[in-house]
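Visitor: I need the structure of the sequence given here:
(2 chains)
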Amino acid sequence: DAKTTQPTSMDCAEGRAANLPCNHSTISGNEYVYWYRQIHSQGPQYIIHGLKNNETNEMASLIITEDRKSSTLILPHATLRDTAVYYCIASSNTGKLIFGQGTTLQVKP
Amino acid sequence: DTGVSQDPRHKITKRGQNVTFRCDPISEHNRLYWYRQTLGQGPEFLTYFQNEAQLEKSRLLSDRFSAERPKGSFSTLEIQRTEQGDSAMYLCASSSDGLEGYTFGSGTRLTVV
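Guide: Predicted coordinates:
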């Protein structure tokens, strides 16, 4: 699975959009980009995934660049409950996801 | 179905004792995964099952660790002769085909004293 690079930490003001970047420059054609988040003392929670096209669901939007070497997770109106560690993972459907250290997002009032 | 259940939530054991954790996945999910997470780190993959078959084991999984999923439903993870370095959160997840997202349980926090 391709390595991903994320900033260690980010801050966002409550009510504003949170844009979390991820680099995956060695991603291969059959690898999807997955995003999970983990709130303190809980198991990770699936947010969204995509291959080439931008994706949106009730939680977030995923923007993938045309060359697929990077992506951005967008939380359109961040709330205090969105404070968490966000993991970006590039993976094919081989049966496991490899987590890095993620980005700690702090949403501030 | 209320999601992935793990039992117990917390376990304190003395070094050298054996411990066993249980995971009940979402009933229609055929894939089941075990991860371990230490403080400040992301979850580390340990092993995964498709139905009752254990398809992959991480090199992190020493001979003291064994996992089973006897009927393709619930799974157990046993650690024999526990060491202080085994102290961690043990997470279980399940999925239907791996392409959609995993659903994780809340984990079992193991403390070896």
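Visitor: What is the burial count for B:Phe74?
Guide: Number of residues near B:Phe74 (other Cβ atoms under 10 Å in any protein chain shown) recorded here: 16. C-beta here means a position set from N, CA and C on the backbone, and glycine is covered the same way.
Visitor: Can you name the residues that contact the spatially closest residue to it that is not a sequence neighbour?
Guide: Nearest in space to B:Phe74, with sequence neighbours left out and distances taken as Cβ to Cβ, 6 or more residues apart in numbering or on different chains, is B:Asp24 at 4.8 Å. Residues counted as contacts of B:Asp24 (Cβ atoms under 8 Å, 6 or more residues apart in numbering or on different chains) are B:4-7, B:73-74.
Visitor: low pLDDT regions in chain B?
Guide: Of all residues in chain B, those with pLDDT under 70 make up the ranges B:1-2, B:98.
Visitor: how about a cut-off of 80?
Guide: Applying pLDDT under 80 to chain B flags residues B:1-2, B:97-100.
Visitor: And the residue positioned nearest the centre of it, its phi and psi?
Guide: In chain B, the residue lying closest to the centroid (Cα atoms, centre = their mean) is B:Trp34, at 3.5 Å. Main-chain torsions, B:Trp34, degrees, to the nearest 10: phi -120, psi 140.
Visitor: Same list (the contacts of B:Asp24) but as CSV, adding secondary structure.
Guide: As requested, the contacts of B:Asp24 are exported to CSV (DSSP: H, G, I helix; E, B strand; the rest coil):
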residue, secondary structure
B:Val4, coil
B:Ser5, strand
B:Gln6, strand
B:Asp7, strand
B:Ser73, coil
B:Phe74, coil
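Visitor: and of these, the nearest to A:Asp11?
Guide: Closest approach to A:Asp11 among the contacts of B:Asp24 (Cβ to Cβ): B:Val4, at 31.5 Å.
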